[in-house]
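[1] The following comprises the amino acid sequence and a computationally predicted model.
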Amino acid sequence: MSTSTLPLGVLAMADTLPAESWQRYVQSIETLGYDSFWIPELFGREPVASAAFLLARTERIAIATGIANIYVRDAHAMAQTRHTLAELAPGRFILGLGVSNVGLNSTRGHTWEAPLTKLTRYLDELAAVDVAAAAPSSPASLIVAAHGPRLQQLAAARSDGVLTYLMSTSHTQQSRGRLGPGPELNVVCPMLAEPDPDRARKTIRAVLSYYLTLDYYHREWRKLGFTDQDFADGGSDTLIDTIVAWGDRAALRQRVAEHAAAGATRVIVLPLDALDPAGAAGATLRAIAPSD
């Protein structure tokens, strides 16, 4: 799929923006031609309530949970979420869900289970729920966060596709091989419109420092050929340059093209430049905007 036809989404850590500025931010992304906005679940806003807020204040752009943690919402509540927002905003809600990670869940009082076991049971429970409400014109897409082969195979069989995060183009190629031609492959790619190598890598290390401490990502990156040395001191240049696209407009678009060639059906841009307090899209999103 060429970059001219590949859908581009946005996932942004925008919880620090006040509601009016956040609304303007997503509206500006919609104006720039991005097809979807993905709401992460970390320590800020609740993603389902946020999705409803943004769906009511935009016109075309799809709003997705990216991702909603299955430990903190039972399957019945998640089925109601999917049904309700599909009905109220036809064709514009995407339910992205996943297991999050052991640290975030155990500190909230949840007992960690093997991801394949937990997710399989959850999808079974989700499919069994019959929501007693007016039917939507079509169901909301269901996307599962999955990096390894067993979770990706489960997602291919039981959902509309997968979402990957902080992975390389070679991982995208491996994922497409495991999924086969049908399921969606949504690839979250951090990007920064900054041509100076020192400034770019300094910014990237500051923004991604949390993820560089997580053993889960270490395990996945080791499968791609990285070693413990690559995770030290904020990440090696090689690791940073592999998982993050930085540089001028051409460099950012080249990374999109590489993920497209590897089998991605959507690249979701995670912009690493500072948020504009007024809510305008930053330089990275303007540089790679579909409407440009």
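    The structure has been received and is ready for your questions. Quick caveat: nothing in here was measured; it's all calculated off a predicted structure. Numbers count the residues shown, from 1 in each chain.

[2] Surely residue 290 touches residue 8?
    Yes - taking contact to mean CB atoms under 8 Å, the distance of 5.3 Å between residue 290 and residue 8 places them in contact. In this view, the C-beta of every residue, glycine as well, is placed from N, C-alpha and C.

[3] For residue 268, give me the backbone phi and psi.
    The phi/psi pair for residue 268 (degrees, to the nearest 10) reads phi -110, psi 110.

[4] what about the helices in this protein?
    Assigned by DSSP state H, the helices in the chain fall at 19-31, 47-55, 75-88, 102-106, 115-128, 149-158, 169-179, 197-208, 215-223, 228-231, 237-243, 249-262, 283-287.

[5] For the first one, buried residues please.
    Think helix 19-31. Residues of helix 19-31 classed as buried under the neighbour-count rule (16 or more other CB atoms under 10 Å) are 21, 22, 23, 24, 25, 26, 27, 28, 29, 30.

[6] wait, which of those residues is closest to residue 180?
    Relative to residue 180, the closest of those is residue 29; by CB to CB it sits at 30.9 Å.

[7] for this structure, longest strand please?
    For the chain, the longest strand by residue count, based on DSSP state E, is strand 184-192.

[8] quick one: it to helix 149-158, angle?
    The directions of strand 184-192 and helix 149-158 differ by 130 degrees, with axes from the mean of the first three to the mean of the last three CA atoms, to 10 degrees as the criterion.

[9] show me what contacts the residue in the chain sticking out farthest from the centre?
    In the chain, the residue that sits farthest from the middle, by CA atoms, centre = their mean, is residue 132; the gap is 30.1 Å. For residue 132, no residue counts as a contact, taking CB atoms under 8 Å, 6 or more residues apart in numbering as the criterion.

[10] got a pLDDT number for it?
    At residue 132, the pLDDT value in this model is 97.

[11] And residue 184, by the same measure?
    According to the prediction, residue 184 has pLDDT 98.

[12] how much space between it and residue 190?
    As for residue 184, its distance to residue 190 is 20 Å (criterion: CB to CB, to the nearest Å).

[13] Looking at the two, which is more packed in?
    Neighbour tally, residue 184 and residue 190, criterion other CB atoms under 10 Å: the higher count belongs to residue 190, 23 against 20.

[14] so where's this structure shaky on pLDDT?
    Using pLDDT under 70 as the threshold, the predicted model of the chain has low-confidence ranges 1-4.

[15] switch the cut-off to 80
    Residues of the chain meeting the criterion pLDDT under 80: 1-5, 101-106, 292.

[16] Contact partners for the closest residue to residue 254 other than its chain neighbours?
    Counting by CB to CB, 6 or more residues apart in numbering, residue 245 is the residue found nearest to residue 254 once chain neighbours are left out, at 7.8 Å. When contacts are counted by CB under 8 Å, 6+ apart, residue 245 touches 189, 190, 191, 192, 251, 252, 254, 255, 256.

[17] tell me the two of these that are most distant?
    Of all pairs drawn from those, the widest gap by CB to CB lies between 190 and 254 and measures 14.9 Å.

[18] wait, doesn't residue 180 sit right on residue 155?
    No - Residue 180 is not in contact with residue 155 according to CB under 8 Å; the separation is 11.4 Å.

[19] These two: which is more packed in?
    residue 155 (27 against 9).

[20] Please report the distance of that one from residue 75.
    Counting by CB to CB, the gap between residue 155 and residue 75 amounts to 16 Å.

[21] contacting residues for residue 292?
    Contact analysis of residue 292 by CB under 8 Å, 6+ apart lists 32, 33, 286.

[22] just the buried members of those?
    Buried by 16+ other CB under 10 Å: 32, 286, out of the contacts of residue 292.

[23] between the contacts of residue 292, which is closest to residue 207?
    The closest of those, once distances to residue 207 are taken by CB to CB, is residue 286, at 18.4 Å.

[24] my guess is that closest one contacts residue 32, does it?
    Yes - the criterion here is CB under 8 Å, and residue 286 meets it with residue 32 at 6.9 Å.

[25] List the contacts of residue 172.
    With contacts defined as CB under 8 Å, 6+ apart, residue 172 is in contact with 164, 185, 187, 259, 262, 263, 264.
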